[in-house]
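A.B. asks: Quick one: sequence plus predicted model below, questions after.
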Amino acid sequence: MSFAVKIPTSTAGGEYQIVIKSSLSAFLPSKRKIYIEKYEQPDYLVTVDFEKQGGYLPGEAAKAKIKIRRPDGEQLLPGSKAKVECQTIGLSLDLDLDNKGETTVEFLIPQTVTAKSLSFSVSVLNGFSA
């Protein structure tokens, strides 16, 4: 059995309980908690495409293309920058974005890296006027 319920957009965020009952007493009532959160559109849509698929080894140079877009289609401000960080390897770079919101990042994976995976963060600096 499946069903769909449309939740009104005016519903406040929080915890709710759904109760499912059979009008024919075919099954016992069932209760489930659900959580509703207000959707907030992100300020930016960020895509990172690494040149090499399958990962990099210690000592290799990594290269990726970064694309940053506004969901509403608004252009980024001229002179916008992206900050790329990876705490595990001590990487912190401020990169200029071109007029399409794109840039390329290159860095060396240190020989001393023992982590099986690295986490990167990309943030936008001065990307649009509020």
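C.D. replies: Sure, I can see it.

A.B. asks: Which strands or helices does the worst-scoring helix or strand of the chain on mean pLDDT pack on?
C.D. replies: Lowest mean confidence among the helices and strands of the chain (mean pLDDT, DSSP states H and E): strand 121-125, at a mean of 89. Packing partners of strand 121-125 (3 or more C-beta pairs under 8 Å, 6 or more residues apart in numbering; DSSP states H and E): strand 45-50, strand 61-69, strand 81-86. Where you see a C-beta, it was placed from the backbone N, CA and C, and this is true even at glycine.

A.B. asks: Let's see that with 6 Å instead.
C.D. replies: Contacts defined by 3 or more C-beta pairs under 6 Å, 6 or more residues apart in numbering; DSSP states H and E place strand 121-125 against strand 81-86.

A.B. asks: The strand it packs on pairs with which strands?
C.D. replies: Each strand pairing with strand 81-86, determined using DSSP bridges, is listed with its direction: strand 91-96 (antiparallel), strand 121-125 (antiparallel).

A.B. asks: Looking at these, spot the one closest to P29.
C.D. replies: Closest to P29 of the strands paired with strand 81-86 is strand 121-125 (C-beta to C-beta; 45.8 Å).

A.B. asks: what separates that closest one from the chain centre, distance-wise?
C.D. replies: Taking the mean of its C-alpha atoms, strand 121-125 sits 11 Å from the chain's own mean (C-alpha atoms, centre = their mean, to the nearest Å).

A.B. asks: now the angle from that strand to strand 45-50?
C.D. replies: Going by axes from the mean of the first three to the mean of the last three C-alpha atoms, to 10 degrees, strand 121-125 is angled at 130 degrees with respect to strand 45-50.
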